[in-house]
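*Asks:* Sequence and predicted model, in that order:
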Amino acid sequence: MSKAIVIGAGIAGLASALRLKHQGYSVEVFEKNNYTGGKIHAIQLGNYRFDLGPSLFTLPHLVDELFELFEKNPTAYFNYIKKENICNYFWEDGSSFAVNADQNKFIQEASLFFNEPEEQLKKYLNKSQKKYDLTSPVFLEQSLHKSESYLNLKTLKAFSKAYQLDLNQSLDQVNQNYFSNEKLIQFFNRFATYNGSSPYKTPGIMSMIPHLEMQLGTYLPKKGMHDISQSLTRLAKDVEIKFHLNSPVDDLMTENGKIKAIRSCDTTYKADVVVCNMDVYTAYKSILKDAPKPKKTLNQERSSSALIFYWGINKTFPNLDLHNILFTEDYKEEFNHLFEKKYFYQDPTIYINITSKHIDKDAPEGCENWFVMVNAPTNEGQNWQEQTTYIREKIINKINRCLNTQIEQHIEVEKVITPKDIEKETASFQGSLYGTSSNNKYAAFLRHSNFSKYYKNLYFCGGSVHPGGGIPLCLNSAKIVSQLTSRHL
């Protein structure tokens, strides 16, 4: 039986391990931390449970199909609900808007709230879907770095209609062309943050992202986001995938352009195939020191990072839901600070995630678990203690203004994670959440390939390589890897 080794037990590493096992490989996973899941982790602070990493869950079928590969009923391992209310938005003028998951209701309510024609909203969302349907089979579900990927009808069709993808305009320019209401433009500009980019730089093709959330739906695992990775870990163990925790990979043994073995904790393990789920920048600086460096890829601008406060709040807020956004008054200046000045803007956009709205055990009765996040610049040597103190005050003041409260009086427990912490815990270069940003129209083509051009049996998965960051794209990267590794059997 051919032997496959997966380096890193993030969501893409877990999915790759399962797909390799299904193909017939004997699989072992090596993880430097004492837990699986990578960024999809959780903590307990007193009586409050918090998901540490991603908080948005879309395209749940990409998780379900991993159980179905082994003829398992997904619900025996993993369950989730679909949200009827997608997100609540708040502005400084006291106005707020709740996004209904029913598209027709959203269009009607948004038309009234933002004073925009229903037909224009329909037109925008239809275009969002067309962009997604056109590009998904080409850019998200197959390798962009294999010539055969371009020699099929779907790819040729996508390229023939590239003029419809708004590659020569920024997302903000596309939204400005559709709408006149600044709040609605800001609403649709926010989707650039789903891949850690700026709406004023990322190309207009990113207007397809709303389709994922607003037309395909948002979901919440019944045991929290952490259960995504943990349910896949349980499945992996049930199908006899072996895990080595607290086991960083220190070196690769190579011969004749192939990896023959890996070394971890002074022990050598032979391999026929190796899949790397490490941040690709970190991989080249550590275990791939002897391989030629893809300079264009490694020198790309990194995606934004995050500063996150985990607060146990001894009060409930009926006007908040699972997902909540408190918008800045100057979105453009906020992104200028993130990507150019590299420190926080004084009026940040605040995201508040509260899983206890649906998961009772996540907070005591009459209380809520608040995951409070602001977009952050990447870690480039800033004084994060100073930055955290500065922005915490701004966050509290903004929450108090928008929600008419005194939130500092209700914080029972607190933990803070900075970009420096994210870099240390996940080995993500500079603490970037999505690898490289998508702040230019060529970014998709400059992401690292899912295979090594130097070692014939080395493959890459995860948010720092093609097709990108976020749970759905990481799961797609594992699917692409499985297409490539099938030739080794």
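*Replies:* Everything's here; your move.
*Asks:* ok, and the residue nearest to Tyr178 when sequence neighbours are not counted, which helix or strand is that part of?
*Replies:* Leaving out its chain neighbours, the residue that sits closest to Tyr178 by C-beta to C-beta, 6 or more residues apart in numbering is Tyr124, at 5.0 Å. Backbone N, C-alpha and C define where each C-beta goes, glycine included. For Tyr124, the host element (DSSP states H and E) is helix 118-135.
*Asks:* ok, now Lys296?
*Replies:* Element membership for Lys296, per DSSP H and E: helix 295-298.
*Asks:* Could you list the paired strands of the following helix or strand past that helix along with their orientation?
*Replies:* Going down the chain from helix 295-298, the next helix or strand is strand 305-313, by DSSP H and E. Strand 305-313 has the following strand partners under DSSP bridges: strand 368-376 (antiparallel), strand 411-417 (antiparallel).
*Asks:* any chance of these in TSV, plus mean neighbour count, mean pLDDT and distance to Phe344?
*Replies:* What follows is the strands paired with strand 305-313, written out as TSV (neighbours: other C-beta atoms under 10 Å; pLDDT from 0 to 100; distance: least, C-beta to C-beta, whole Å):
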stretch	mean neighbour count	mean pLDDT	distance to Phe344
strand 368-376	24	98	7
strand 411-417	16	98	14
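*Asks:* quick one on the thing from earlier: identify all contacting residues around the helix holding Tyr124.
*Replies:* 103, 106-108, 110-111, 157-158, 161, 164-166, 178-179, 188, 205, 207-212, 214-215 (C-beta atoms under 8 Å, 6 or more residues apart in numbering).
*Asks:* buried ones in it?
*Replies:* Leu121, Tyr124, Leu125, Lys127, Ser128, Lys131, Tyr132, Leu134, Thr135 (16 or more other C-beta atoms under 10 Å).
*Asks:* do the same with stretch 386-398
*Replies:* Buried, per 16+ other C-beta under 10 Å, within stretch 386-398: Gln387, Thr388, Ile391, Arg392, Lys394, Ile395, Ile396, Lys398.
*Asks:* any idea what the third one is structurally, helix, strand or coil?
*Replies:* In the three-state summary, Ile391 is assigned as helix, counting by DSSP: H, G, I helix; E, B strand; the rest coil.
*Asks:* Could you do the second one as well?
*Replies:* When the structure is reduced to helix, strand and coil (three-state DSSP), Thr388 reads as helix.
*Asks:* I figured it hits Val416, correct?
*Replies:* Yes - Thr388 is within contact range of Val416, at 5.9 Å (criterion: C-beta atoms under 8 Å).
*Asks:* Give me the common contacts of the two.
*Replies:* Common neighbours of Thr388 and Val416, using C-beta under 8 Å, 6+ apart, are Leu307.
*Asks:* Give me the contact list for stretch 202-215.
*Replies:* Stretch 202-215 has contacts (C-beta under 8 Å, 6+ apart) with 56, 58-59, 86, 99, 101, 103, 106, 124-125, 127-129, 131-132, 135, 165-171, 173-175, 188, 191-192, 194-195, 197, 199, 437-441, 443, 472.
*Asks:* Am I right that Ser111 is in contact with Lys105?
*Replies:* No - the pair Ser111 and Lys105 does not pass the contact test of C-beta under 8 Å, sitting 10.7 Å apart.
*Asks:* more neighbours, the two?
*Replies:* Per other C-beta atoms under 10 Å, whichever of Ser111 and Lys105 has more neighbours is Ser111, with 17 against 12.
*Asks:* Show the contacting residues for the more buried one.
*Replies:* Taking C-beta under 8 Å, 6+ apart as the criterion, Ser111 is in contact with Pro117, Glu118, Leu121.
*Asks:* Compute the number of surrounding residues for His358.
*Replies:* His358 has 15 neighbouring residues, counting by other C-beta under 10 Å.
*Asks:* oh sorry, the question was meant for Asn383
*Replies:* 10.
*Asks:* most remote residue from this structure's center?
*Replies:* The C-alpha centroid of the chain is most remote from Asn256, which lies 36.2 Å away (C-alpha atoms, centre = their mean).
*Asks:* Quick check: phi and psi at that one.
*Replies:* For Asn256, the backbone dihedrals (degrees, to the nearest 10) come out as phi 50, psi 40.
*Asks:* how close does it get to Asn457?
*Replies:* In this view, Asn256 and Asn457 are 11 Å apart by C-beta to C-beta, to the nearest Å.
*Asks:* Name the spans of this protein whose pLDDT lies under the cut-off.
*Replies:* By pLDDT under 70, the low-scoring segments of the chain are 138, 144-164, 444-445, 488-489.
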